[in-house]
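>>> here are the coordinates; sequence isn't available:
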């Protein structure tokens, strides 16, 4: 099952890519995440001071555990290892998200698309993940 991990902090996104770990706050439901699940790392427009972007694509290398991590000055109570297949740095060179909206099935209300991204973990259909992954890998 593929997932979109939503981050609103550029420093946290860099930490995730560098450390190949995704960290979660207490209360974030991670019980459905499984080793081998695909993921795309989405960074909000506010974090990038511009366009929202996909900045990494990969798979979960393990299930979330109670490994604590300090990320961007905040303590997180769970984390899981990631296998990153492709990533972008600087982050603002990632895949622009807005042009994908019309093609993404998980976004039901295209005019209010950001409401689909209010959670840290968003389940997405396999074909949405495959399209995002293919578009990401086409970046120069």
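Alright, I've got the coordinates. As the structure is a prediction and not an experimental result, all values here were calculated from the model.
>>> what's the nearest residue to the most centrally placed residue in the chain if we skip its chain neighbours?
The C-alpha lying nearest the average C-alpha coordinate of the chain belongs to residue 41 (C-alpha atoms, centre = their mean; 2.1 Å). Distances taken as C-beta to C-beta, 6 or more residues apart in numbering place residue 56 nearest to residue 41, at 4.0 Å, with adjacent residues excluded. (Glycine included, C-beta is placed from N, CA and C.)
>>> thinking again about what came up before, so where does the residue nearest to the centre of the chain fall, helix or strand?
Assigned by DSSP states H and E, residue 41 falls within strand 38-43.
>>> run through who's touching the helix or strand of the chain with the lowest mean pLDDT.
Lowest mean confidence among the helices and strands of the chain (mean pLDDT, DSSP states H and E): strand 69-71, at a mean of 91. The contact list for strand 69-71, computed with C-beta atoms under 8 Å, 6 or more residues apart in numbering, reads 11, 12, 15, 16, 19, 21, 23, 75, 76, 79.
>>> where does the fourth one fall, phi/psi-wise?
In terms of degrees, to the nearest 10, the main-chain angles of residue 16 are phi -60, psi -50.
>>> before we move on, what about the fifth one?
The main-chain torsion angles of residue 19 are listed as degrees, to the nearest 10 and equal phi -90, psi -10.
>>> and the pLDDT for it?
Looking at residue 19, its pLDDT stands at 96.
>>> what's near enough to touch it?
residue 69.
>>> do that again at 10 Å, thanks
Counting by C-beta atoms under 10 Å, 6 or more residues apart in numbering, residue 19 makes contact with 69, 71, 79, 81, 82.
>>> pLDDT score for the residue of the chain positioned farthest from its centre?
Relative to the centre of the chain, the most outlying C-alpha is that of residue 111, 21.5 Å out, by C-alpha atoms, centre = their mean. Looking at residue 111, its pLDDT is 93.
>>> thanks a lot, catch you later.
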